[in-house]
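Visitor: Provide a 3D model corresponding to the input given below.
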Amino acid sequence: EVQLVESGGGLVQAGGSLRLSCKASGFAFEDYAIGWFRQAPGKEREGVSCITSDEPPLYGDAVKGRFTTSSDNAKNTVYLQMNSLKPEDTGVYYCAAAPKQILCSYDLMQAWGKGTLVTVSS
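Guide: Prediction:
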């Protein structure tokens, strides 16, 4: 069974940092792209980052220079290090997986976690 479990969300003040984790199981981790997406209240889900074993990570414009994604293949875990957080980063953060040739096209992601809530106070 393909499963993705996010953790690490919480409440942080603006300017602070959080590290999210996405633990994957049930598929060949190295053959997949893992993306982070987020959804703020009343807004559509947006792409945050994408990582594969073959290409440099990709980032959404809103987080470039502040967020970094990395993977630990031995632990089947992908991380999202979030620095210089802003109130507009508030939302539920999801990780998702797709075969790596698809990268992290939202509509083609094949498995989703349940999300972890990040709240950034001003």
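Visitor: Only C-alpha atoms from now on, for both contacts and neighbour counts.
Guide: Will do.
Visitor: Give me the secondary structure label for the residue nearest in space to the middle of the chain.
Guide: Nearest residue to the geometric centre of the chain (CA atoms, centre = their mean): residue 36, 2.2 Å. Look at residue 36: counting by DSSP: H, G, I helix; E, B strand; the rest coil, its state is strand.
Visitor: For the residue lying closest to residue 77 once chain neighbours are set aside, give the beta-bridge partners.
Guide: Counting by CA to CA, 6 or more residues apart in numbering, residue 23 is the residue found nearest to residue 77 once chain neighbours are left out, at 4.5 Å. When bridges are taken as DSSP bridges, the partners of residue 23 come out as residue 5, residue 77.
Visitor: Is residue 21 within a helix or a strand, and which one?
Guide: If you go by DSSP states H and E, residue 21 is part of strand 18-25.
Visitor: Show me what that strand is packed against.
Guide: Counting contacts by 3 or more CA pairs under 8 Å, 6 or more residues apart in numbering; DSSP states H and E, strand 18-25 packs against strand 3-7, strand 77-82.
Visitor: May I see those strands arranged in TSV, with mean neighbour count as well?
Guide: Output for these, formatted as TSV (neighbours: other CA atoms under 10 Å):
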stretch	mean neighbour count
strand 3-7	20
strand 77-82	20
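Visitor: can you list those in CSV and add mean pLDDT and distance to residue 63?
Guide: What follows is the helices and strands packed on strand 18-25, written out as CSV (pLDDT from 0 to 100; distance: least, CA to CA, whole Å):
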stretch, mean pLDDT, distance to residue 63
strand 3-7, 97, 19
strand 77-82, 98, 8
